[in-house]
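Chemist: after the sequence you'll find the predicted model.
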Amino acid sequence: MSMEDQRSFNSPRRTLSYSRNRGATFSVFEADNKASGVGVSGEHGPNPSEVYGFVGAISTVVATVIFMIWAYVPDPWLHSIGIFYYPSKYWALALPSYAMVTVATMFLFYIGLNFMATPPAASLNSIYDENSKDPVWFDPALKEDDRPIEPYSDIGIDQINELMFKEWNQ
């Protein structure tokens, strides 16, 4: 069997119409790459978000390497290679510390805002609000198969209490 025969096969549609077009074959290697979505980033070059992601990743690695060199290499070594102007080593500890404290403060602030926006436990607003829906009752005379599916609704607090504390009320 030759390489040409191994790479191509008869299409089922072409097989059905074999009498019209006897030599029709479909080649796997000549298929349109856009249909598969593999290895093609478009006719007009790469997507801008791909470029921004690549540049961002490379910039992050370069900035991290420069930061590590500045933070860990002693001053005399930097002076010996001709680097004299750089920030104080104090900032190598201060900037990450300030960043971590800022993030922790933001989390605490966010949690505090959520506590402020939550109604008190004794408030009726935690039971009923503008989105509350009362249950809809259908005619009990209808057979089970004829009854429509009940729309969603809130369960009343009396039913909740009955279900949760039934054994204590006896």
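Modeler: Yep, that arrived. Source: prediction; values computed, not measured.
Chemist: what ranges do the helices span in the protein?
Modeler: 3-7, 12-16, 33-36, 48-72, 75-80, 90-117, 157-169 (DSSP state H).
Chemist: who are the packing partners of the longest one?
Modeler: Meaning helix 90-117. helix 48-72 (3 or more CB pairs under 8 Å, 6 or more residues apart in numbering; DSSP states H and E). C-beta: built from backbone N, CA, C; applies to glycine.
Chemist: which parts of the helix it packs on are buried?
Modeler: Buried residues in helix 48-72, counted by 16 or more other CB atoms under 10 Å: none are found.
Chemist: how far away from the center of its chain is it?
Modeler: 23 Å (CA atoms, centre = their mean, to the nearest Å).
Chemist: that one - contacts with which helices or strands?
Modeler: Against helix 48-72 (3+ CB pairs under 8 Å, 6+ apart) you get helix 90-117.
Chemist: could you redo the last one with a cut-off of 10 Å?
Modeler: Counting contacts by 3 or more CB pairs under 10 Å, 6 or more residues apart in numbering; DSSP states H and E, helix 48-72 packs against helix 75-80, helix 90-117.
Chemist: could you check the angle helix 48-72 makes with the longest one?
Modeler: Right, the one you point to is helix 90-117. Relative orientation of helix 90-117 versus helix 48-72 (axes from the mean of the first three to the mean of the last three CA atoms, to 10 degrees): 130 degrees.
Chemist: tell me which residues of helix 90-117 come out buried.
Modeler: Buried, per 16+ other CB under 10 Å, within helix 90-117: nothing.
Chemist: also the shortest one?
Modeler: Of all the residues in helix 75-80, not one is buried under the rule 16+ other CB under 10 Å.
Chemist: pull the residues that contact that helix.
Modeler: Residues from elsewhere that reach helix 75-80 (CB atoms under 10 Å, 6 or more residues apart in numbering): 69-70, 74, 83-86, 89.
Chemist: just how off-centre is that helix within its chain?
Modeler: The chain centre lies 45 Å from the centre of helix 75-80; the measure is CA atoms, centre = their mean.
Chemist: how about the last one?
Modeler: For helix 90-117, the separation from the chain centroid amounts to 24 Å (computed by CA atoms, centre = their mean).
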